[in-house]
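Student: Kindly return the folded structure for what I paste below:
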Amino acid sequence: RGRIMDADFAKETANLTRAQILQQAGTAMLAQANQLPNNVLSLLR
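Tutor: Below you'll find the model as predicted:
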C-alpha cells in the first residue's frame, strides 16, 4: 500500500488545524509587537 493509503486523515487534519492555529497566534503576536512602538510614540506626542 502507498503512503497516501496509510494516512490517518483525522490525525492529519488535527495536525493541520493545530499548525494553522499556531501560525495565526504567531501572526497576532507579531502584529501586537509591531504596534507597541507606535503606542509609545503616541504617548510622547
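
Student: shaky segments in the chain?
Tutor: Across the chain, the ranges flagged by pLDDT under 70 are 1-5.

Student: what about the helices in it?
Tutor: 3-6, 9-44 (DSSP state H).

Student: what comes up buried for the longest one?
Tutor: Along helix 9-44, not one residue counts as buried under the neighbour rule (16 or more other Cβ atoms under 10 Å). All C-beta spots, glycine's among them, are computed from the backbone N, C-alpha and C.

Student: what separates L43 from A33, distance-wise?
Tutor: As judged by Cβ to Cβ, to the nearest Å, L43 and A33 stand 17 Å apart.

Student: With T17 instead?
Tutor: Taking Cβ to Cβ, one finds T17 at 25 Å from A33.

Student: ok, now K11?
Tutor: 33 Å.

Student: just N39 next, same as before
Tutor: Taken as Cβ to Cβ, the span from N39 to A33 is 11 Å.

Student: cool, D8 as well?
Tutor: On the measure of Cβ to Cβ, D8 and A33 end up 36 Å apart.

Student: Kindly report the same for L22.
Tutor: 16 Å.

Student: what's near enough to touch the residue nearest the centre of the chain?
Tutor: Centroid check for the chain by Cα atoms, centre = their mean gives Q23 as the closest residue, at 1.3 Å. Counting by Cβ atoms under 8 Å, 6 or more residues apart in numbering, Q23 touches no other residue.

Student: Report the separation between it and N39.
Tutor: Taking Cβ to Cβ, one finds Q23 at 25 Å from N39.

Student: Next: Q32.
Tutor: Applying Cβ to Cβ to Q32 and N39 gives a distance of 10 Å.

Student: Just the residues contacting stretch 27-43, thanks.
Tutor: Contacts for stretch 27-43 (Cβ under 8 Å, 6+ apart): none.

Student: Run the chain-centre distance for it.
Tutor: Its chain's C-alpha centre lies 18 Å from the corresponding centre of stretch 27-43 when counted by Cα atoms, centre = their mean, to the nearest Å.
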